[in-house]
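**Q** Sequence and computational prediction follow.
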Amino acid sequence: MDGFFFWPFLFFWPFHGLFTLLIVLAVLSIVFGRRRYYYGHPWNWPAPRSSDALSVLEGRYARGEINREEYLEKKRDLGG
């Protein structure tokens, strides 16, 4: 009579550890997923404002070493 109340769960008995593991993983993924959503990814550092190559190019243009057409062409090549 004691096993009568637990008869639907006897089918899942061999998988008890697997289900517990899945529940723990689901809870952890929800917790850490929400944490990433609210606080951002920990390695999401801000990108530098401009690249070193672009700043060198701007310096060369400011000093008059290159003309406007060459500056614009190289800036477009650098993606700036």
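**A** Thanks, I have it. Numbering: from 1, shown residues only.

**Q** Rounded mean pLDDT for the one helix or strand residue 28 maps to, please.
**A** Element membership for residue 28 (DSSP states H and E) is helix 16-39. For helix 16-39, mean pLDDT is 80.

**Q** Mind giving me the packing neighbours of that helix?
**A** Judged by 3 or more Cβ pairs under 8 Å, 6 or more residues apart in numbering; DSSP states H and E, helix 16-39 is in contact with no other helix or strand. For the C-beta atoms, the positions are set from N, CA and C on the backbone; glycine is no exception.

**Q** buried ones in the very next helix or strand once past it?
**A** Using DSSP H and E, the helix or strand that follows helix 16-39 towards the C-terminus is helix 52-63. For helix 52-63, a neighbour-count test (16 or more other Cβ atoms under 10 Å) marks 54, 57, 61 as buried.

**Q** Show me which residues of the very next helix or strand once past helix 52-63 are buried.
**A** For helix 52-63, the following helix or strand on the C-terminal side (DSSP H and E) is helix 68-78. Of all the residues in helix 68-78, those buried under the rule 16+ other Cβ under 10 Å are 71, 74.

**Q** CA-only coordinates of the helix holding residue 28, as CSV, when you get a sec.
**A** Extracted in CSV, the C-alpha atoms of helix 16-39 (Å, rounded to 0.1, in the frame of the first residue of the first chain):
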residue,chain,number,x,y,z
HIS,A,16,16.1,10.3,-11.3
GLY,A,17,19.7,11.6,-11.4
LEU,A,18,19.3,12.7,-15.0
PHE,A,19,16.2,14.7,-14.3
THR,A,20,17.8,16.3,-11.3
LEU,A,21,20.8,17.3,-13.3
LEU,A,22,18.6,18.7,-16.0
ILE,A,23,16.6,20.7,-13.5
VAL,A,24,19.8,22.1,-11.9
LEU,A,25,21.2,23.0,-15.3
ALA,A,26,17.9,24.8,-16.3
VAL,A,27,17.9,26.8,-13.1
LEU,A,28,21.6,27.8,-13.5
SER,A,29,21.1,28.7,-17.1
ILE,A,30,18.1,30.9,-16.2
VAL,A,31,20.1,32.6,-13.4
PHE,A,32,23.2,33.2,-15.5
GLY,A,33,21.3,34.1,-18.6
ARG,A,34,19.4,36.8,-16.7
ARG,A,35,22.7,38.0,-15.2
ARG,A,36,24.2,38.4,-18.7
TYR,A,37,21.1,40.2,-19.9
TYR,A,38,21.1,42.7,-17.0
TYR,A,39,24.8,43.3,-16.5
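
**Q** Thanks again, I'm all set now.
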